[in-house]
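Participant: how does the following fold in three dimensions:
(chains A and B)
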Amino acid sequence: MSNALRSSLSITAILLILCGGIYPAVVTVAAQLLLPAEANGGALVEQGVVRGAKLIGQTFDDPTQWPAYFWGRPSAASVDAATSVLVSSGSNYGPLNPALREEVSARVKALRDSGVTGPIPVDLVTKSASGLDPHISPAAAEIQIPRVAKARGLSEPELRSLVAANTEGPTLGFLGEARVNVLTLNLALDAHKRVGHAAPTTSTR
Amino acid sequence: MNARFWVLTAAYFASLVAIAIPLGHFMTRVFAGENRASRRALGWLERGVYRVARVEATEEQTWTAYAGSILLFSLGTQLVTYAILRLQRALPFNPTHLGAVPPWLAFNTATSFTTNTDWQSYGGEATMSYASQAVALTSQNFFSAGVGVCVAIALIRGVARSESPTIGNFWVDLVRVHLYVLLPISALYALFLVSQGVIQTWQGPLAWTALDGAHSSILRGPVASQEAIKMLGTNGGGYFNANSAHPWENPTPLSDFVQMLSIWSIPAALCVTLGEMLHSRGHGRAVFGAMALLGVLGVVAIAYFESRGTPVLARAGADLLASGQQPGGNMEGKELRFGIADSALFAAITTGASCGAVTSMHDSFTPLGGLVPMFDIQLGEVVFGGAGAGMYGMLVYVVLAVFLAGLMVGRTPEYLGKKIDSRDVRFAALYVLIPAFSILIFSALGVATAAGRAGILNAAPDGGPSPHGLSEVLYAYSSGTGNNGSAFAGLTAYSPEHPIFWSLTLAIAMFVGRFPLIIAALAIAGNMAKKRRVPLGPGSFPVEGGLFVGLLVGTVVIVGALTFFPALAMGPIVEHVILQR
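Facilitator: The predicted structure is shown next:
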């Protein structure tokens, strides 16, 4: 065996063990010891039932199915037929694709039908890049407050404070956008309803 | 284009400089074997590797031997990757019982990850087992980045040395870049990502019951360890289909900012290394300046067009006006937490480099907002560029710029005391022409054949020619040839009905855009090293300062514009005109 071949094979083997074996193993062990909640996805558990993960957006986008909840952004994610896991995806519609125009218009109409009269923030009618966007803009939450208030018999100021509690501003003032987490907001809505009956037990596992 | 965008961009470049200076200085010492502190910790491992592999650390290679070692190593790792993907069904850590990756897809993917392209014709969550991701793809993320850095260092050595037959030892450079640079930084970086919410687990899918009682599940896995080297090594192949837009790959604006920094950190640091190894810090600064100038132009252009949105969205009834309460603009294919500003910055960075990770879907950009990333790639990814690849690509442009300047003033062109001869220029010309041929000829093939057109998503409704369809094809071959890996992702580059056309042509494009260019760069390195370095005199062409930056930027832009303007005119530019009608 020539020297070059021997060097190549041995170094490939060693680097493979280091980079594809030891490295991911060390990172996994360290992550599981130091940050187990984050490392496993941060499941939101409520009364023993996993309700999702804080970072993973769920589809609250059918107006007839979710009249009493805040709606999130439309999603192009799909379910894999073989393994039934969610596959993240954007729509990949080009700006002139007729489907883009039709879907945005239909979405605007659904919001108008739900009673929205003012401007409709673009994020609430366009599909995210991942299809799993957990957030909407504060403006997109604001226009839904009257509808949710009516459906739940809550006052608008009460709802506004719930929205505020689930809103984050830009990190350090300049990183990223102000955003409302739709799943935690909707969980908080349901917990709000239960106050007086049973204490909310949302926790992060 | 609000105040937040400008603060973000300024903070980004300031942070990049702050990282590049110490990292570049450190890399200078690593490749000279003078990194004393880290060698005390890991020197035993380095020496152990050489002993087992029978590598004589002081023995250097000619450029041909250096190139031969790279080809041998890359071919070997490509075979390993292919084998693991094909065997994943039989391997452990496959919680959703995925079958073998089909042959053409595995071939395309192995080529893709070996060439630092990390183009993905698949969605990770439904295709790759944890073992395939963590063992095959993660290690290949390291290797391809390591090889790129080695080539850059070898080329710099070639310029720095005088009358030397050799340009270093590939195996030594490769082991050093892994042990002292890539592995330690990635490990710490991965843990930071976990702290932000990136997952790192061997547990199977997370299942939940939605508020309406419906059941869903989502795949998990060892994401953070792959994410770290994916960005640091300018690889860009996502763990999940949506890449860095997926909340578990890139959960927060802070993780996003650090990901953007990590893409350009090694390429920017190599500017510092360049200045130190050539004993001309001014030259290093000038190369950095040229890259930064091109980078800023790209970022601003994308942010401008994306923040304006499109007439289609406005007419459909969406409010596009940005405020503190909403991002506005063209939000189709963008994540709310990143809005327009962070998405635009990321798009410019990932295509200026050979990274190709995305936080937004470039296919859904406005026509001109999408033209910029495509053109960044077509320029050869020299806007900081890939780990190593950006530096050796830019040095080829430096040779061309110096040559052009020599022609203009009628002097023998000279680069830091090295005469540029016809052999250098021939290889530099090849370096520029090979990718141009690959991109344009494959794109013509892609739109001229039924198999090629079958992949297009945004086709014209009547089946006729569509400017956006051409953009999808042109972007794909630019990305493949440029070893970028991002896509106008509506393109279906693999389907069981059409397994071969895109897999094969893109694999060829990726190969052509990688190894012939590495050989050309190393040929220049070998030729430069042989020459005597003459002392700089008053007649020497200055390779620092504003004049040189202008000349270098001009060379890059003119070569790119002349080559690709006709194709871009038929794609995004026509589409822009139609959209504004």
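Participant: can you tell me which residues contact residue B:500?
Facilitator: B:104, B:451 (C-beta atoms under 8 Å, 6 or more residues apart in numbering or on different chains). Bear in mind the C-beta positions are built from the backbone N, C-alpha and C, glycine included.
Participant: oops, could you answer that again for residue A:176 instead?
Facilitator: Contacts for residue A:176 (C-beta under 8 Å, 6+ apart) come out as A:170, B:252, B:253, B:254, B:256, B:337, B:338, B:339, B:342.
Participant: make a PyMOL selection of the buried ones in the residues you listed.
Facilitator: Of the contacts of residue A:176, the buried ones go into a single PyMOL selection, burial set by 16 or more other C-beta atoms under 10 Å in any protein chain shown:
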select buried, (chain A and resi 170) or (chain B and resi 252+253+256+337+338+339+342)
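Participant: residue B:575 contacts residue B:310, correct?
Facilitator: No. Contact criterion C-beta atoms under 8 Å: residue B:575 and residue B:310 do not qualify, at 10.6 Å.
Participant: now do the shared contacts for these two.
Facilitator: Taking C-beta under 8 Å, 6+ apart as the criterion, residue B:575 and residue B:310 both touch residue A:95.
Participant: follow-up on the earlier one: check the contacts of residue A:176 and tell me the two furthest apart.
Facilitator: Pairwise distances among those were taken by C-beta to C-beta; the largest, 14.4 Å, belongs to B:254 and B:339.
Participant: pretty sure residue B:534 sits against residue B:417.
Facilitator: Yes. At 4.9 Å, residue B:534 and residue B:417 qualify as touching, with contact defined as C-beta under 8 Å.
Participant: in the stretch 1-150 of chain B, what residue is nearest chain A?
Facilitator: In the stretch 1-150 of chain B, no residue comes nearer to chain A than residue B:139, which is 3.3 Å away by C-beta to the nearest C-beta.
Participant: give me the pLDDT value at that residue.
Facilitator: At residue B:139, the pLDDT value in this model is 97.
Participant: that one contacts residue A:14, doesn't it?
Facilitator: No. The criterion here is C-beta under 8 Å, and residue B:139 misses it with residue A:14 at 11.0 Å.
Participant: quick one: which of these two has more around it?
Facilitator: A direct count of neighbours by other C-beta atoms under 10 Å in any protein chain shown for residue B:139 and residue A:14 places residue B:139 higher, at 27 against 17.
Participant: helix, strand or coil for the closest residue to the more buried one other than its chain neighbours?
Facilitator: Setting aside the residues directly before and after it, residue B:139 is nearest to residue A:20 in space (C-beta to C-beta, 6 or more residues apart in numbering or on different chains), at 3.3 Å. Assigned by DSSP: H, G, I helix; E, B strand; the rest coil, the conformation of residue A:20 is helix.
Participant: same check, this time on residue A:117
Facilitator: Under the three-state scheme (three-state DSSP), residue A:117 adopts coil.
Participant: contacts only, for residue 128.
Facilitator: Looking at chain A here, since you left the chain open. By C-beta under 8 Å, 6+ apart, the neighbours of residue A:128 are A:57, A:73, A:74, A:75, A:76, A:90, B:245, B:333, B:334, B:335, B:336.
Participant: actually, chain B is the one I wanted.
Facilitator: B:85, B:88, B:98, B:101, B:122, B:137.
Participant: the residues you listed also near chain A: which ones?
Facilitator: residue B:98 (C-beta under 8 Å from any C-beta of the partner chain).
Participant: okay, and which of the contacts of residue B:128 map to helices?
Facilitator: Judged by DSSP state H, the contacts of residue B:128 include residue B:85 as members of helices.
Participant: which residues in the stretch 401-550 of chain B form helices?
Facilitator: Along the stretch 401-550 of chain B, the segments classed as helices by DSSP state H, counting those that start in this stretch run B:422-448, B:450-453, B:467-481, B:501-512, B:515-530, B:545-568.
Participant: ok, residue B:147 touching residue B:388?
Facilitator: Yes. Using C-beta under 8 Å, residue B:147 is in contact with residue B:388, at 7.4 Å.
Participant: name the nearest residue to residue 116, ignoring sequence neighbours.
Facilitator: Because you didn't say which chain, this covers chain A. Excluding the flanking residues, the one nearest residue A:116 by C-beta to C-beta, 6+ apart is residue A:143, at 5.0 Å.
Participant: switch to chain B, that's the one I care about
Facilitator: Computed as C-beta to C-beta, 6+ apart, the closest residue to residue B:116 that is not its neighbour in sequence is residue B:144, at 3.7 Å.
Participant: residues touching that neighbour, list them.
Facilitator: B:74, B:113, B:114, B:115, B:116, B:233, B:235.
Participant: swap in residue B:535?
Facilitator: residue B:417 are the contacts of residue B:535 under C-beta under 8 Å, 6+ apart.
Participant: give me phi/psi at the residue of chain A found nearest chain B?
Facilitator: Residue of chain A nearest chain B, by C-beta to the nearest C-beta: residue A:176 (2.6 Å). The phi/psi pair for residue A:176 (degrees, to the nearest 10) reads phi 80, psi 180.
Participant: swap in residue A:121?
Facilitator: According to degrees, to the nearest 10, residue A:121 has phi -60, psi 140.
Participant: wait, it touches residue A:144, no?
Facilitator: No. Counting by C-beta under 8 Å, residue A:121 does not reach residue A:144; the two are 10.4 Å apart.
Participant: for the chain, just list every one of the strands.
Facilitator: Assuming you mean chain A. Applying DSSP state E to chain A gives strands spanning A:43-46, A:49-53, A:78-79, A:86-87, A:120-121, A:135-136, A:167-168, A:179-181, A:203-204.
Participant: chain B is the one I meant
Facilitator: Using DSSP E, strands in chain B cover B:206-209, B:215-218, B:318-319, B:414-415, B:418-419.
Participant: could you dump those to a markdown table with distance to residue B:355 and mean pLDDT?
Facilitator: Listed next are these as a markdown table, based on distance: least, C-beta to C-beta, whole Å; pLDDT from 0 to 100:
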| stretch | distance to residue B:355 | mean pLDDT |
| --- | --- | --- |
| strand B:206-209 | 28 | 97 |
| strand B:215-218 | 25 | 96 |
| strand B:318-319 | 31 | 97 |
| strand B:414-415 | 28 | 92 |
| strand B:418-419 | 31 | 92 |
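Participant: ranking these by burial, who's on top?
Facilitator: Burial of these is given as mean neighbour count (mean count of other C-beta atoms under 10 Å in any protein chain shown); strand B:318-319 ranks first at a mean of 26.
Participant: sheet-wise, list the partners of it with their directions.
Facilitator: Strand pairing for strand B:318-319, determined by DSSP bridges: strand A:120-121 (parallel).
Participant: related to what we said a few turns ago, what's the most buried one of the strands of chain A?
Facilitator: Mean neighbour counts for the strands of chain A (mean count of other C-beta under 10 Å) peak at strand A:135-136, with a mean of 30.
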